[in-house]
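Asks: sequence unavailable; structure follows:
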């Protein structure tokens, strides 16, 4: 992002001070550079700065696991949660092809192996930033004609003019903000303000002041009165993205505005009123967050008067080709290049790919193919080089319920296990099954705990707590060894990672 009379902002995240300082000096001639050495430092910078960086140049191997890509993968998700429009270029020594493909699937635009020539990096950054997001020239901003998208369009038109809140649910990268913008465009409020606030991008201590404003002297640094988003939105639309990140202590105050339109600036006793229409979005399971005490039930019910589910890209059928054609035309025109083409086999491979990163991933694939294959035909090997084939995993909520056959198979295993043992212990057996699923998820996610948690349909903190509990239980020699010895070899669990 650029600001008046300022350079384009660039964020560098690398734990090697020599690399960070050298790149910062070299690129500082063209960009306003900020640096961080850890994922946590980077998140603080994203929250504290007034403008999101236009591009982030990040390493995968960051503390506390510098020899593994986990923190870097997690940082990609953090950056896109805080600043969805920020382009990400990975610069890493952990440059095997699987890591490169997975980083791109998570949302990185490009992957560069260390060591890299600084001039090459400068040209790459310039090229990546030359591709701009262009909104669709359609009244609702949505591209495609598939049945799930037509259903979404019908819901957006049905709910657009209602004054009640709308909760938009969907996977990361699926286009939740596009739906929020469509609700505003299609409503009678279209000529009124539309404001968007990413709840994940603000320090918890500043959320209340950002939403409701503050009086002069209300806290250190409050040199004058300031309106918040509710006042600035007036009688327009206020979009609250990542609503699941809203601190618990702020949730009652948001609930009050939703119920009667009243709020107070921090440091004031005067009640103010807002008539803004609230649209919220989340990629979390808020019902689960309510059950686990991280989100208020009354606020959830108030926000979800209307609920809109954004279909994942894998469910949109031939709309995937429509989107590819749209992005291909847009980015070829921006770069003054002739568009690439897919051969027939590449088209079929493209349609078979599950797109774990949804539309954001497809957009980045279109950018890379435009750069590499302008006016050329892309075959299957060329296309597969851009796909996350080793890590492509089903996002949360897409696994089918157990079938009758699988349930019968499980019952048969249970019957054999119980009948063959005199000391059967249900708790021990359930612990071992749980450990096996955790182990399987860790293997699929290459030990990326955030990805493993999503595979298992649990919060990452919950996953860590379960691993610690399992480690304690499985160290109890009174049953863990006996149970392990008797569980079928096909389902036995490796406990190394849990201890």
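Replies: Cool, got the structure. Just so it is clear, the model here is predicted, and its values are computed rather than measured. Residues are numbered from 1 along each chain as shown.
Asks: low pLDDT regions in the stretch 151-300 of the chain?
Replies: For the stretch 151-300 of the chain, applying pLDDT under 70 flags no range at all.
Asks: and the strands in the stretch 251-400 of the chain?
Replies: Assigned by DSSP state E, counting those that start in this stretch, the strands in the stretch 251-400 of the chain fall at 262-263, 272-273, 277-282, 306-309, 341-342, 377-378.
Asks: most tightly packed of those strands?
Replies: Highest mean neighbour count among the strands of the stretch 251-400 of the chain (mean count of other Cβ atoms under 10 Å): strand 277-282, with a mean of 25. C-betas here are computed from N, CA, C, even on glycine.
Asks: that one pairs with which strands, and in what direction?
Replies: strand 166-169 (parallel), strand 237-241 (parallel) (DSSP bridges).
Asks: which residues sit against the shortest one?
Replies: With Cβ atoms under 8 Å, 6 or more residues apart in numbering as the test, strand 166-169 has contacts from 159, 176, 179-180, 183, 243, 278-283, 286, 303-310.
Asks: turn the strands paired with strand 277-282 into a markdown table, columns for distance to residue 73 and mean neighbour count.
Replies: What follows is these, written out as a markdown table (distance: least, Cβ to Cβ, whole Å; neighbours: other Cβ atoms under 10 Å):
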| stretch | distance to residue 73 | mean neighbour count |
| --- | --- | --- |
| strand 166-169 | 24 | 24 |
| strand 237-241 | 21 | 25 |
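Asks: which of the strands of the stretch 251-400 of the chain sits closest to residue 86?
Replies: strand 277-282 (17.9 Å; Cβ to Cβ).
Asks: run the chain-centre distance for the closest one.
Replies: 17 Å (Cα atoms, centre = their mean, to the nearest Å).
Asks: domain ranges for this protein?
Replies: Listed domain ranges for the chain are 8-130, 147-309, 316-384, 404-498 (source: automatic domain parsing).
Asks: would you mind giving these as TSV with distance to residue 141 added?
Replies: Below are these laid out as TSV (distance: least, Cβ to Cβ, whole Å):
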stretch	distance to residue 141
domain 8-130	15
domain 147-309	5
domain 316-384	12
domain 404-498	27
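Asks: tell me the secondary structure for residue 89?
Replies: Using DSSP: H, G, I helix; E, B strand; the rest coil, the structure places residue 89 in strand.
Asks: tally of neighbours for it?
Replies: When neighbours are counted by other Cβ atoms under 10 Å, residue 89 registers 21.
Asks: looking at it, it is touching residue 54, isn't it?
Replies: No. Under the criterion of Cβ atoms under 8 Å, residue 89 is not in contact with residue 54, lying 11.2 Å apart.
Asks: what's the closest of the strands of the stretch 251-400 of the chain to residue 170?
Replies: Comparing the strands of the stretch 251-400 of the chain under Cβ to Cβ, the one sitting nearest is strand 306-309, at 6.5 Å.
Asks: from the contact counts, what lies against the closest one?
Replies: Counting contacts by 3 or more Cβ pairs under 8 Å, 6 or more residues apart in numbering; DSSP states H and E, strand 306-309 packs against helix 147-159, strand 166-169.
Asks: returning to that earlier point: out of the strands paired with strand 277-282, which comes closest to residue 426?
Replies: Here strand 166-169 is closest among the strands paired with strand 277-282 (Cβ to Cβ), at 35.3 Å.
Asks: mind checking how far that closest one is from the chain centre?
Replies: 16 Å.
Asks: and stretch 162-179, by the same measure?
Replies: Using Cα atoms, centre = their mean, the offset of stretch 162-179 from its chain centre is 14 Å.
Asks: just the buried residues of that stretch, please?
Replies: 165-179 (16 or more other Cβ atoms under 10 Å).
Asks: closest one of these to residue 153?
Replies: residue 179 (9.7 Å).
Asks: ok, residues contacting stretch 115-126?
Replies: By Cβ under 8 Å, 6+ apart, stretch 115-126 touches 10, 22-23, 26-27, 30-31, 55, 57, 89, 91, 110, 112.
Asks: kindly report the same for stretch 306-313.
Replies: 148-149, 152, 155-156, 159, 162, 164-171, 174-176, 179, 320, 323, 355, 358-359, 361-362, 395, 398.
Asks: so who does the most centrally placed residue in the chain touch?
Replies: For the chain, the residue nearest the mean C-alpha position is residue 172 (4.0 Å; Cα atoms, centre = their mean). Going by Cβ under 8 Å, 6+ apart, residue 172 touches 77, 80-81, 107, 283, 357-358, 360.
Asks: from those residues, which shows the smallest pLDDT?
Replies: Here the lowest pLDDT out of the contacts of residue 172 sits on residue 81, with 80.
Asks: quick one, what contacts that one?
Replies: With Cβ under 8 Å, 6+ apart, residue 81 has these contacts: 172, 198, 200-201, 242, 245.
Asks: just send the residues you listed back as TSV, with secondary structure and distance to residue 264 too.
Replies: Converted to TSV, these look like this (DSSP: H, G, I helix; E, B strand; the rest coil; distance: Cβ to Cβ, whole Å):
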residue	secondary structure	distance to residue 264
172	coil	34
198	strand	23
200	helix	24
201	helix	24
242	coil	24
245	helix	23
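Asks: pull the most distant pair out of the residues you listed.
Replies: Going by Cβ to Cβ, the pair spanning those furthest: 172 and 201, at 14.5 Å.
Asks: what segments of the stretch 351-499 of the chain are helices?
Replies: 358-372, 380-384, 404-419, 426-444, 449-456, 460-474, 480-486 (DSSP state H, counting those that start in this stretch).
Asks: can you tell me which of the buried residues of stretch 162-179 is nearest residue 233?
Replies: residue 165 (13.1 Å).
Asks: would you check that the closest one makes contact with residue 303?
Replies: Yes. Using Cβ under 8 Å, residue 165 is in contact with residue 303, at 5.0 Å.
Asks: overlap of the contact sets of the two?
Replies: 258, 278, 280.
Asks: tell me the one of these nearest residue 66?
Replies: So of the shared contacts of residue 165 and residue 303, ranked by how close each gets to residue 66 (Cβ to Cβ), first place is residue 280, at 37.2 Å.
Asks: show me the contacts for the closest one.
Replies: 165-168, 239-241, 243, 303.
Asks: make JSON lines from the strands paired with strand 277-282 and add distance to residue 209 to it.
Replies: As requested, these are arranged in JSON lines below (distance: least, Cβ to Cβ, whole Å):
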{"stretch": "strand 166-169", "distance to residue 209": "24"}
{"stretch": "strand 237-241", "distance to residue 209": "15"}
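Asks: could you dump the strands of the stretch 251-400 of the chain into CSV and include distance to residue 68?
Replies: Listed next are the strands of the stretch 251-400 of the chain as CSV, based on distance: least, Cβ to Cβ, whole Å:
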stretch, distance to residue 68
strand 262-263, 45
strand 272-273, 50
strand 277-282, 29
strand 306-309, 35
strand 341-342, 35
strand 377-378, 32
